[in-house]
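# starting from these lines, generate the structure:
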Amino acid sequence: MSSCSSRALTILSTVFGACGLLLVGVAVSTDYWLIMVEGIILQQNQSMEVKMALHSGLWRVCFVAGSENGRCVASEYFTEPEIEITTENTANILKMVRTATPFPMVSLLFVFTAFVISNIGHIRPQRTILAFVSGIFFILSGLSLVVGLVLYISSINDEVMNRPREPEQFFNYHYGWSFAFAASSFLLKEGAGVLSVYLFMKRYAEEEMYRPHPAIYRPRLSEGSDYSGQYLHPESSWPPPKRGRSTSEASSDISIQLNQNLPPVPPPHYHTHVHMSASPC
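Here you go, the predicted structure:
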């Protein structure tokens with residue numbers, strides 16, 4: 001049951017991490033974060049005439065209506081792009097969203113690092129700490145991305161609220177599918193981080209369960225005993241090594257050899273003395 005649970009956590013964390021990496025990569029590289037439409041309202045028939053429509057990303061702005069129709073320009077972070085924008089507020093929106101660009105890039109770097117470390121940890125599960133490190137990087141990637149999303153939304157809302165209200169003009173904006181991909185990747189990366197940390201906890205608990213207790217590794221009873229620690233030390237070799245002969249054993253062998261080389265001693269002879277007493281005549 002425990003191995004099935006660890007396998008499920010491994011698969012889920014890998015899938016979540018891969019999907020999060022893919023979504024944030026697509027979101028950063030595409031230019032459908034924000035879609036804006038701006039125009040005027042004709043008083044004769046109350047119809048709307050679109051003066052400008054565009055969709056923008058972190059690196060590029062593409063116009064789909066107006067005088068710049070069909071033109072895509074790169075977002076210049078150090079110089080102003082040579083484009084014609086209808087109102088100043090629309091230009092300010094495109095400028096302010098640049099402040100959020102570094103955070104998705106840092107998030108992409110973090111999630112790529114986390115994905116690599118996570119896969120190394122799955123290939124070598126004995127390196128338990130790798131699951132924990134990858135989980136931390138997944139969580140940091142999600143936090144970095146959500147900071148960028150909050151800055152992106154707040155920058156747009158500030159400019160929209162400061163926009164002057166004129167009855168003959170209309171302005172509409174909404175977030176595109178690139179923004180939705182980035183928001184979805186935040187959820188996936190946080191899920192991958194939580195699963196990786198939980199996988200680390202399970203692997204660490206399993207290692208502690210199967211690790212022998214230090215109390216069974218007691219020292220030998222004495223240096224002169226060959227058999228005192230052979231059952232307490234699994235790593236000891238069998239048969240036990242031969243020990244050196246002590247002085248008492250060597251002297252015993254010499255005395256035995258001397259006794260064997262001596263000539264045999266004959267048994268003692270006992271002489272019987274017969275005392276003859278003179279009989280009386």
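
# going forward, measure contacts between C-alpha atoms and count neighbours the same way
Noted.

# who are the contact partners of I120?
By C-alpha atoms under 8 Å, 6 or more residues apart in numbering, the residues touching I120 are L130.

# setting aside sequence neighbours, what's the nearest residue to M48?
Nearest in space to M48, with sequence neighbours left out and distances taken as C-alpha to C-alpha, 6 or more residues apart in numbering, is I41 at 4.5 Å.

# and the pLDDT at that neighbour?
On the pLDDT scale, I41 is placed at 72.

# how close does it get to F171?
According to C-alpha to C-alpha, to the nearest Å, I41 stands 10 Å off from F171.

# can you check L130 too?
Using C-alpha to C-alpha, one gets 50 Å for the distance from L130 to F171.

# tell me which of these two has more neighbours.
Between L130 and F171, L130 has the larger neighbour count (other C-alpha atoms under 10 Å), namely 22 against 17.

# leaving out sequence neighbours, find the closest residue to the more buried one.
Nearest one to L130, counting by C-alpha to C-alpha, 6+ apart, is G121 at 5.2 Å.

# could I get the buried residue list for the host helix or strand of that neighbour?
Assigned by DSSP states H and E, G121 falls within helix 102-123. By 16 or more other C-alpha atoms under 10 Å, the buried positions in helix 102-123 come out as 103-108, 110-115, 117-119, 121-122.

# for P125, what are phi and psi?
Note on P125: backbone dihedrals following degrees, to the nearest 10 are phi -70, psi -20.

# and it, how many neighbours does it have?
Neighbour count of P125, defined by other C-alpha under 10 Å: 16.

# quick check, pLDDT for it.
At P125, the pLDDT value in this model is 76.

# kindly report the same for L187.
So L187 comes in at 94 (pLDDT).

# one more: C4?
C4 is assigned a predicted lDDT (pLDDT) of 53.

# what of I35?
Predicted confidence (pLDDT) for I35: 89.

# quick one: it and M96, what's the gap?
Distance of I35 to M96, given as C-alpha to C-alpha: 15 Å.

# neighbour count winner among those two?
Neighbour count, other C-alpha under 10 Å: between I35 and M96, I35 has more, with 20 against 16.

# name the SS class of the more buried one, please.
strand (DSSP: H, G, I helix; E, B strand; the rest coil).

# spatially nearest residue to it, not counting backbone neighbours?
Leaving aside its chain neighbours, I35 sits nearest to H55 (4.3 Å; criterion: C-alpha to C-alpha, 6+ apart).

# partners of the one helix or strand that neighbour maps to in the sheet?
Here H55 sits within strand 48-56, counting by DSSP H and E. Applying DSSP bridges, strand 48-56 is found paired with strand 34-41 (antiparallel), strand 60-66 (antiparallel).

# residue ranges in the stretch 151-281 of the chain under the pLDDT threshold?
Residues of the stretch 151-281 of the chain meeting the criterion pLDDT under 70: 167, 206-281.

# in the stretch 51-200 of the chain, which spans are strands?
Counting by DSSP state E, counting those that start in this stretch, one finds strands in the stretch 51-200 of the chain at the ranges 60-66, 72-74, 169-175.

# same list, the ones you listed, but as CSV with distance to L140 please.
Output for those, formatted as CSV (distance: least, C-alpha to C-alpha, whole Å):
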stretch, distance to L140
strand 60-66, 27
strand 72-74, 29
strand 169-175, 24
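
# ranking these by burial, who's on top?
Burial of these is given as mean neighbour count (mean count of other C-alpha atoms under 10 Å); strand 60-66 ranks first at a mean of 18.

# residues in contact with that strand?
So strand 60-66 is contacted by 31, 50-56, 69-75 (C-alpha under 8 Å, 6+ apart).

# what about 6 Å?
With contact meaning C-alpha atoms under 6 Å, 6 or more residues apart in numbering, strand 60-66 is reached by 51-55, 69-75.

# could you do stretch 164-182 as well?
Stretch 164-182 is contacted from outside by 23-24, 27, 32-41, using C-alpha under 6 Å, 6+ apart.

# what about it, start to end distance?
Distance between the boundary residues of stretch 164-182 (C-alpha to C-alpha) amounts to 31 Å.

# cool, stretch 37-53 as well?
Using C-alpha to C-alpha, the span of stretch 37-53 from its first residue to its last is 4 Å.

# what's that stretch in contact with?
Residues contacting stretch 37-53 (C-alpha under 6 Å, 6+ apart): 36, 63-66, 168-172.

# adding distance to N162, write those residues out as TSV.
Output for the contacts of stretch 37-53, formatted as TSV (distance: C-alpha to C-alpha, whole Å):
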residue	distance to N162
M36	16
F63	23
V64	25
A65	24
G66	24
E168	17
Q169	15
F170	14
F171	13
N172	14
